[in-house]
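Q: prediction below, plus the sequence it came from.
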Amino acid sequence: MTHSLNEIEATAKRAARGAGLSWGIAEEAAKACRWLASHKLPGVTALAELLTLIDGVPHRNVSPISLDGAWTAPSGRLCPLASGTALNDCAELLLKEKPIEMINLSYPLLLIPFAAWASVHINTPVKVSWSNVTISTNGKCIEINNSSPHINVEIATVLSCYPAKDFQTGASKPGMRGIIEPSAWVRLTEFSDRTYAPATDASRRLGAGSGNSDND
Amino acid sequence: METKTKVDKRVPLRAADQVMRLNRLGSFHQCRLSFMRILTRRMVKEKWAFTRPVFDINANGVGHAVYSAHTPCRSYSLVVFAHDIPDADRSDRVIAHAWDSTFTLFDGIPTSDDIERLRKNIPLQEAGRVTEKELSVSRANRSVRLWEHVVSCLADGIQPEITEITKVGYLMRTTAVYGSGKLGAADREMISGRPECAAPFQIEMLSVFLTRTYVRDLVQHIAKIRGKTKAVELDSNIARCMGIGNSTGLGMAPFLLNHPNLLNNWIMARETAISRVRNLRSASISEKNIFCDLLERSILSAKRWQSDHPYQLTKLMELRRDLHILASYVKNFDFYCDFPWDKIFLWSEVTLSQEAQECLASLILEPYGYLVDPLAENMSDVDTDAFRINGSMTIARLRQILEQHYGWALNIDWTKQDNCARAWYVSAEKAEPRLGERFEEPIAAYEQPLAPGRDAAALFVALDGSVGSDTIAKFLLRYPEHRHTVRRAQIVEKAPYAEIQDNTIGSDLLPIDMLRCKLAFFGATHFDPRSDRWVRICLFGNAPYPEDLQFSGVDDWSYPPLAISDT
């Protein structure tokens, strides 16, 4: 069974919000899952694991302390959503001489879509590397150097982002459906359920505003 | 684009702070750019063919049917499952679990395997699962009283009373039409490259168009089984005036807030059309005649429009009164003057209610298909990168945007309870959007981000601590809670009609205004609020049926014909 990309985005957004992220970051976490799913990458699994890890942790503790020099978090582990949104926001830094380096970044796969959007902004393909993994993107297409298991690691000790001068035009294009790992979907749904207000008799009666008979 | 008449540019687009107010959006009427009309114009132009390969429904009204639409390049099929449900189970609420008929729009012609797969899922609606072969999922309930009246009349060999029909306007009403990826269906992006799917909501409109044909066929089928040889078919003029009802609740209200670019594109297309016509230096006799004919038919439509809701009753009274005032004004109006449409428009702005002003705005577009219809091509949201925040923008520039586009919100005292009395939330039951009382119910913790005005004002205050030359990137690193508002502000900077410029959480909010705006773009008529957050409408009333499309002439079916009297 496949999922529509809209389903993935909608559930991921609610889940990220359910785990306590701001609406703005939740929106981008959802777009990131959608982007990864369109490239057959397990973004939903990575998000489910990340949300479990950062559940209840103040966002500031896992955000870059500063955008100057190598990025580090007060807690010691950077969140890929906090780092990804910052990477998107300061995309121009990628055009400077030195790569952007992130130290101890959780679930680095989730950073790739943000590198893609930064790439669109600076109109230059971007390469992201950690361990023996190198992924390049021009925003839409993606090129993965190998299918190393390191692509799904829980933490990248050092992750680098820099312009991809050798980006291949034959890189793979996005698809239109997503394949989801069922247990990760269940976990996302559990986070998502936290955004729903428990129904009360009053809300059932009044909240949707139907006071009249439905038959006419 | 061919232009037969000189178009000046003396009248600019109406300003967003005039158009994007809830009471004006809640006064919108259908127009040439409505999605149903975009669809039927294409069907006629491309000579779509229609077939009914399956109609297998028994005497109890149980079975299935398939209705196919064939474009020049491909086919779409409405797969219908007809059910027999007890009256007590017939609810329009999203939380219902049984319906008279359930539907899916299938991409192509379904095989028998597809039908069997769909039979296990479509009757369950939200509890079922579909695939990328399905483009929409929907359901409909009978209007019990009218259904029985029509069946019994036809079974007895007589035609139903047209006054009874026009009182309700439909035999069945849909209670939800899900598209774009819901329940596993194909995402809009999978089909948006097809010309017939490029404009908004074309799949959903096609589904309703075919549903209407099915409902007519079903009522005749049931009457024939009951009356046997005595039964007659429905008079074609009576059948024509019947549309498909739709019950719409709060689920639709957040849509406009959640799709700012799309909202901008809809309003921009209509405002551009209005401006083009107001800028015409002259009007021909035939153009004037088209306008006057449709004004008369609008008066008839307003007369037939039924509602018991006090808010709508007042608006209806004003509309009926003002359309007569407009008709008198136009009767003596010198159409040979310079810029006649602009002159009428300016007169309306100081003379008529907003209901009638917006009715007029839609009416003046009617004679000018060549100026208006091509704008339909710009109504979808194709800017997929618009969600991306530009972090290099300075704080000073963001402040300017907020002052320019959210000035209305910066002037509201958000600490006053009345100004933030409501909160939008999603209920645990069926994930249904609801509107609650912030200070009376424990819902604030679950609030959805549907108060852009309040949030813009909060962002404006938060910017106080930043230097004007600093970047948004630096600000958002410290204040991620304002990220969604920065995104909206950057969208509104480029898309002036993207934001509703009114308080969406105030104690005086009427969600039906938001519903009306969206439904008017669908092409709905006869809005009948059932409460401040629940509205019934009619879709495709007076539209041609598939077999009549090629003979339907000009695109004016949204206006009831004067030939059928309901007096």
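A: Great, that's in hand.

Q: in chain A, which spans are strands?
A: Assigned by DSSP state E, the strands in chain A fall at A:3-4, A:100-106, A:126-130, A:133-137, A:142-144, A:155-163, A:177-178, A:196-197.

Q: in its sheet, what does the longest one sit against?
A: Spelled out, it's strand A:155-163. strand A:100-106 (antiparallel), strand A:126-130 (antiparallel) (DSSP bridges).

Q: turn those into a markdown table, columns for mean neighbour count and mean pLDDT.
A: Backbone N, C-alpha and C define where each C-beta goes, glycine included. Formatted as a markdown table, the strands paired with strand A:155-163 follow (neighbours: other C-beta atoms under 10 Å in any protein chain shown; pLDDT from 0 to 100):
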| stretch | mean neighbour count | mean pLDDT |
| --- | --- | --- |
| strand A:100-106 | 22 | 98 |
| strand A:126-130 | 23 | 96 |
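
Q: would TSV of those with distance to B:Gly436 be doable?
A: Shown next, in TSV, are the strands paired with strand A:155-163 (distance: least, C-beta to C-beta, whole Å):
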stretch	distance to B:Gly436
strand A:100-106	36
strand A:126-130	43
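
Q: not counting sequence-adjacent ones, nearest residue to residue 64?
A: Using chain A here. Nearest non-adjacent residue to A:Pro64, counting by C-beta to C-beta, 6 or more residues apart in numbering or on different chains: A:Trp71, 4.0 Å away.

Q: you looked at the wrong chain, it should be chain B
A: B:Phe81 (5.1 Å).

Q: hmm, B:Gly61 and the one you found touching each other?
A: No. Using C-beta atoms under 8 Å, B:Phe81 makes no contact with B:Gly61, being 11.0 Å away.

Q: count of neighbours near residue 72?
A: Picking chain A for this. 17 (other C-beta atoms under 10 Å in any protein chain shown).

Q: that was the other one, I meant chain B.
A: Neighbours around B:Pro72, by other C-beta under 10 Å: 10.

Q: which helix in the chain runs the most residues?
A: In the absence of a named chain, this looks at chain A. Ranked by residue count, the top helix of chain A under DSSP state H comes out as helix A:23-38.

Q: you looked at the wrong chain, it should be chain B
A: Under DSSP H, chain B gives helix B:202-227 as its longest helix.

Q: how about the very next helix or strand once past it: buried residues?
A: Note on helix B:202-227: by DSSP states H and E, the next helix or strand toward the C-terminus is helix B:236-241. Using 16 or more other C-beta atoms under 10 Å in any protein chain shown as the test for burial, helix B:236-241 gives B:238-241.

Q: average pLDDT for helix B:236-241?
A: Helix B:236-241 comes out with an average pLDDT of 93.

Q: now the element after that helix, going C-ward?
A: strand B:243-248.

Q: just so I have it, where are all the strands in the stretch 351-500 of chain B?
A: B:422-427, B:433-437 (DSSP state E, counting those that start in this stretch).

Q: adding distance to A:Thr137, write the buried residues of helix B:236-241 out as TSV.
A: Shown next, in TSV, are the buried residues of helix B:236-241 (distance: C-beta to C-beta, whole Å):
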residue	distance to A:Thr137
B:Ile238	60
B:Ala239	55
B:Arg240	54
B:Cys241	56
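
Q: specify the angle between the longest helix of chain A and strand A:133-137 in degrees.
A: 100 degrees (axes from the mean of the first three to the mean of the last three C-alpha atoms, to 10 degrees).

Q: what is the neighbour count of A:Val44?
A: Residues near A:Val44, counting by other C-beta under 10 Å: 25.

Q: shaky segments in the stretch 1-150 of chain B?
A: B:1-8, B:92-95 (pLDDT under 70).

Q: mind redoing it with 90?
A: Residues of the stretch 1-150 of chain B meeting the criterion pLDDT under 90: B:1-10, B:59-60, B:84-98, B:126, B:143-145.

Q: just the helices in it please.
A: Remark: helices assigned in the stretch 1-150 of chain B by DSSP state H, counting those that start in this stretch are B:16-19, B:22-25, B:35-45, B:112-119, B:144-155.

Q: what residues does the first one touch?
A: Read it as helix B:16-19. Where contact means C-beta atoms under 8 Å, 6 or more residues apart in numbering or on different chains, the residues beyond helix B:16-19 that reach it are B:24-25, B:267, B:271, B:405, B:407-408, B:496-497, B:499, B:501.

Q: can you lay out those as JSON lines showing neighbour count and distance to chain A?
A: Below are those laid out as JSON lines (neighbours: other C-beta atoms under 10 Å in any protein chain shown; distance: C-beta to the nearest C-beta, whole Å):
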{"residue": "B:Arg24", "neighbour count": "20", "distance to chain A": "22"}
{"residue": "B:Leu25", "neighbour count": "24", "distance to chain A": "18"}
{"residue": "B:Ile267", "neighbour count": "25", "distance to chain A": "23"}
{"residue": "B:Glu271", "neighbour count": "21", "distance to chain A": "28"}
{"residue": "B:His405", "neighbour count": "24", "distance to chain A": "18"}
{"residue": "B:Gly407", "neighbour count": "12", "distance to chain A": "22"}
{"residue": "B:Trp408", "neighbour count": "17", "distance to chain A": "22"}
{"residue": "B:Pro496", "neighbour count": "19", "distance to chain A": "22"}
{"residue": "B:Tyr497", "neighbour count": "24", "distance to chain A": "21"}
{"residue": "B:Glu499", "neighbour count": "25", "distance to chain A": "16"}
{"residue": "B:Gln501", "neighbour count": "23", "distance to chain A": "21"}
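
Q: end-to-end on stretch B:520-539?
A: Length of stretch B:520-539, first residue to last, C-alpha to C-alpha, to the nearest Å: 10 Å.

Q: thinking again about what came up before, elements contacting the longest helix of chain A?
A: Where contact means 3 or more C-beta pairs under 8 Å, 6 or more residues apart in numbering or on different chains; DSSP states H and E, helix A:23-38 is packed against helix A:5-18, helix A:43-54, helix A:80-89, helix A:112-122, strand A:177-178, helix B:483-494.

Q: what does the stretch 351-500 of chain B have sitting close to chain A?
A: Within reach of chain A by C-beta under 8 Å from any C-beta of the partner chain, the stretch 351-500 of chain B has these residues: B:385, B:387-392, B:425-429, B:431-432, B:434-436, B:441-443, B:445-446, B:449, B:471-474, B:476-477, B:480-487.
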